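Asks: Take a look and give me a structure for this.
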Amino acid sequence: MALPTLPTLLREMVDVPEVIVPKGRWLDLPGRGRTWLTDVPGPTPDAPTVILLHAVGCTGLLTWFPVIPKLSAKYRVVVFDQRWHGRGIVSEHFSIRDCADDVAAVADALDLDRPVVAGYSMGSIVAQRCWRQHPDRFGGLILAATTDHFRTTGTERLFHQGMELGMGALRTLSRSKTITVAAKATTEVLLDPTDTHQWALAEFRSTSSWAVAQAVASLGRHHSTPWLAKIDLPTAVVVTRKDRVLGPERQRGIAALIPGATVHEADCGHAGCVLDHTHFVPAFLEAVDTTMGRRTSRIRAAHPAG
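Replies: Numbering: from 1, shown residues only. As a prediction, this is how the structure comes out:
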């Protein structure tokens, strides 16, 4: 009897929603590189925009494809592969700061008016830095499965220190070749997905382990605690209540530090954006609606009619 293929096993073991994966295109960002972008229109040409930032080791669509159909019923949805992930920007070094500047560059390239930035896990940390580095460019933040810093325990400190030392020793290697090989190996499936499980597997494989390690090392240097209380944008925190990677109390603590932040609880773990999407998506949509409402109120207050 033939052994089942990995996509077949995934179909049997993992509840991956069967959705139509939206098409994407290359977007050139002058002076930065090019990335793979999916731009899904909202119900009207002037619908406000949500920029979705993905988790480490994933791609934009792999993190967010379960939420896009319902989100685009109200809003324009922009999602792209962050640098070193999938078909994201190829550069000599990886840093969360550069990722945040990439988000601003995408917003400028698409001429987006005060978009709300929503990030999951690593993406939520990039979203925090979007405000830190570009405080007047965005209209709101949504932080899902988030944290203000790592290395909070002895185990975390040892892990990130070891990762950082290891990556520092390997920086002389050609990382661009490593990432390009991983991406090219899956291009055919990525461009023509015929099965959601097969497509998801190809998306996952499109980011090399080298890139993931560099990103994790950079995440270990993140520490936003000193300035979270200064965030002055409408902000929502989506707490993944069963999270064993970034505990829910830790996530609620972030919300407590940000003035006026709203909390939206999702009964799922750290990979809930896909693996427990039935619980994550409603909480996330609620967070978006709340943040967009506050964004609209701020705009009207700043520009009263008449």
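Asks: rest of the way, CA atoms for contacts and neighbours
Replies: Will do.
Asks: show me the contacts for Thr63.
Replies: Thr63 makes contact with 54-55, 120, 273-274 under the criterion Cα atoms under 8 Å, 6 or more residues apart in numbering.
Asks: Just give me the closest of those residues to Ala287.
Replies: Ranked by distance to Ala287 (Cα to Cα), the contacts of Thr63 are led by Tyr120 at 12.8 Å.
Asks: Next, give phi and psi for that closest one.
Replies: Tyr120 adopts backbone torsions of phi -110, psi 120, taken as degrees, to the nearest 10.
Asks: Counting neighbours, what do you get for it?
Replies: 25 (other Cα atoms under 10 Å).
Asks: Look up the residues forming beta bridges with it.
Replies: Under the criterion DSSP bridges, Tyr120 forms beta bridges with Ala144.
Asks: so how far is His54 from it?
Replies: From Tyr120 across to His54, the span is 6 Å (Cα to Cα, to the nearest Å).
Asks: Give me the subset of the contacts of Thr63 that lies in helices.
Replies: In helices, judged by DSSP state H, the following of the contacts of Thr63 are found: 273-274.
Asks: Any regions of the stretch 1-150 of the chain where pLDDT drops low?
Replies: Applying pLDDT under 70 to the stretch 1-150 of the chain picks out residues 1-19.
Asks: redo that, cut-off 80
Replies: 1-20, 150 (pLDDT under 80).
Asks: ditto for the stretch 201-306 of the chain
Replies: 201-213, 305-306.
Asks: how about the helices in this structure?
Replies: 6-13, 60-64, 68-71, 96-109, 122-133, 154-170, 175-184, 187-191, 196-205, 209-219, 248-257, 272-275, 277-302.
Asks: Buried ones only from the contacts of Thr63, please, as a PyMOL command.
Replies: For the buried members of the contacts of Thr63, the matching PyMOL selection, counting by 16 or more other Cα atoms under 10 Å, is:
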select buried, resi 54+55+120+273+274
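Asks: now the contacts of Thr63 as a markdown table including distance to Asp289?
Replies: Output for those, formatted as a markdown table (distance: Cα to Cα, whole Å):
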| residue | distance to Asp289 |
| --- | --- |
| His54 | 20 |
| Ala55 | 22 |
| Tyr120 | 17 |
| Cys273 | 17 |
| Val274 | 20 |
